[in-house]
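# kindly generate the corresponding structure for this input.
(one chain, ligands or ions: 1)
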Amino acid sequence: MSINDFTPLKLFITGPTYIREEVREAGTLPEFGHRDKENEKRFKPIMANLKKLAKIDDGYEVVIFNGSGSTAMEASIRSLVAGGETVLNVSVGAFGDLYHNMALANGKNAVQLKFGPGRAIDLAEMDRALREHRPQVVTLTHNETSTGVVNDIEAACDLARKHGAMPLVDGVSIFGGADVRISQARPAMYSTSTQKSLGLPAGFGIAFIAPEAVEKAAGVADRGHASDILKQLDRAAKFQTLTTPNCTLANQMCVQLDYIVNQEGVDNRFKRHALMRDMVRDWVAGLDGFELFAQEGRRSPTLTTVRAPQGLGSAGLKAVKERMRARGYLFDPGYGKINTALEKGGQRCAFRVGHMGDITPDMLRDYLSDLEEVFTTIK
Ligand SMILES: Cc1ncc(COP(=O)(O)O)c(C=O)c1O
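Got it, this is the predicted structure:
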């Protein structure tokens, strides 16, 4: 095997995503002991900068889990849904379904409210489901990566609260790319991960945990070990992880969060993502036979899903992927299960453009121009 076997590609998929050179280099910083004072040099600023990026200063604590976004989400289920309670999983796509499946896999009494692909949460329907099921806990997906839909998480959390339910939010593919307004939406736990809009490799789940979650978890049985938010919070209070962290990623995360907060600036980062969403929208508007997939007004700032022209099914999109690979890119031909269902129903397939993390408008412009050329050769 040679290292030349690994082809460098610019990732325009929806995570993992492109990594800046400085972050790559930070991967060579020294390893450290996770119970040594060197650990605090990394995790204290990491935690402080995560809070700045989340714009929280009011009681939420941040926890870093070894694992990924799913690890944090599963911990929210295990620590915050008690035996005998009902959890309503509101789903607008594959990752909403994931939260539901996690609840079922952990033996929770879970019911689901599902919206069709491309649709956002309809609050009137959610209201009906809350009246019908009277759940104690509700899970919500902030940004549905399979369809490119961003939900109004503040309104959905408010509605859950009106019915006396505790909201848990999956913010995996949006945190770091938009103001997620945790202080306004006030979920009991907001979960995210490193490999998407933070522009880092995968390896940590991240959670923002409200004081009410701490109170509730104390009364929930069988929280497990690494999925117990109380054990995690004890370690987080010392700027540590509960289990041995990936030191390479911690070094990279420390450097990257300092860059985001102190160099790029949090609001500039959010504006850059909104600009890239609009760039893809305008690009689609200029193409014959292409259309945006997600509901108008609820289109994600971190990825865009586009309906391909008639006749360009999943096989055609896979051919586009290979032609883009030859140009040095990794193209995303769409979420597999959704395209299979669309094709079965005689509908057009959808592909995705990831524009998250540290992708710049210039990089995106070049990518879209290459993609347009490839589409003309494939039709
Ligand atoms: C919205 C959403 N939730 C959850 C997940 C699962 O996260 P992870 O792969 O970090 O466990 C993903 C991954 O793509 C996602 O996009």
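# isn't Met356 up against Thr302?
Yes: at 4.0 Å, Met356 counts as touching Thr302 under the criterion of C-beta atoms under 8 Å. The way it works is simple: take the backbone N, C-alpha and C, and place the C-beta from them, glycine included.
# give the contact list for the residue of the stretch 251-379 of the chain found nearest the ligand.
Here the residue of the stretch 251-379 of the chain nearest the ligand is Leu303; by C-beta to the nearest ligand atom that distance is 8.9 Å. Contacts for Leu303 (C-beta atoms under 8 Å, 6 or more residues apart in numbering) come out as 14, 143, 145, 148, 173, 352-356.
# farthest-apart pair in those residues, please.
Asn143 and Val353 (14.2 Å; C-beta to C-beta).
# ok, those two, which is more surrounded?
More neighbours surround Asn143 than the other of Asn143 and Val353, with 31 against 25 (other C-beta atoms under 10 Å).
# can you pull the contacts of the more buried one?
149-151, 171-174, 300, 302-303.
# residues from the stretch 1-150 of the chain in reach of the ligand?
15, 68-70, 95, 98, 141, 143, 145 (C-beta under 6 Å from any ligand atom).
# show only the entries of the residues you listed found in helices.
Within those, residues falling in helices by DSSP state H are 69-70, 95, 98.
# low pLDDT regions in the stretch 1-150 of the chain?
Applying pLDDT under 70 to the stretch 1-150 of the chain flags no residue at all.
# mind listing the strands in it by residue range?
10-11, 61-66, 86-91, 109-114, 137-141, 143-144, 149-150 (DSSP state E, counting those that start in this stretch).
# look up how far Pro30 lies from Ala72.
27 Å (C-beta to C-beta, to the nearest Å).
# ok, those two, which is more surrounded?
Shown here are Ala72 and Pro30; by other C-beta under 10 Å, Ala72 has more neighbours (29 against 7).
# neighbours around the closest residue to Ala319 other than its chain neighbours, how many?
Ranked by C-beta to C-beta, 6 or more residues apart in numbering and with sequence neighbours excluded, the top spatial neighbour of Ala319 is Ile378, at 5.9 Å. Using other C-beta under 10 Å, Ile378 has 14 neighbouring residues.
# let me know the pLDDT of Ile378.
As predicted, Ile378 sits at a pLDDT of 85.
# returning to that earlier point: which neighbours do Met356 and Thr302 share?
Counting by C-beta under 8 Å, 6+ apart, the residues touching both Met356 and Thr302 are 14, 173, 177, 196-197, 273.
# out of these, which are inside strands?
Residues from the shared contacts of Met356 and Thr302 lying in strands, with DSSP state E as the criterion: none.
# of those, closest to the ligand?
Taking the shared contacts of Met356 and Thr302 together and measuring to the ligand by C-beta to the nearest ligand atom, the closest member is Ser173, at 4.1 Å.
# need the strands for the stretch 201-350 of the chain, in chain order.
204-209, 291-292, 303-307, 329-330, 350-354.
# could you dump those strands to a markdown table with mean pLDDT?
Rendered in a markdown table, the data for these read as follows (pLDDT from 0 to 100):
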| stretch | mean pLDDT |
| --- | --- |
| strand 204-209 | 98 |
| strand 291-292 | 98 |
| strand 303-307 | 98 |
| strand 329-330 | 98 |
| strand 350-354 | 98 |
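# quick check: beta-bridge partners of Lys114?
Per DSSP bridges, the residues bridged to Lys114 are Ser91.
# which residue comes closest to Gly15 once chain neighbours are left out?
Nearest non-adjacent residue to Gly15, counting by C-beta to C-beta, 6+ apart: Lys196, 3.9 Å away.
# just checking, that neighbour touches Ser173?
Yes: using C-beta under 8 Å, Lys196 makes contact with Ser173 at a distance of 4.7 Å.
# run through the helices of the stretch 101-250 of the chain in chain order.
For the stretch 101-250 of the chain, the helices defined by DSSP state H, counting those that start in this stretch cover 123-133, 153-162, 182-185, 211-217, 229-236, 247-258.
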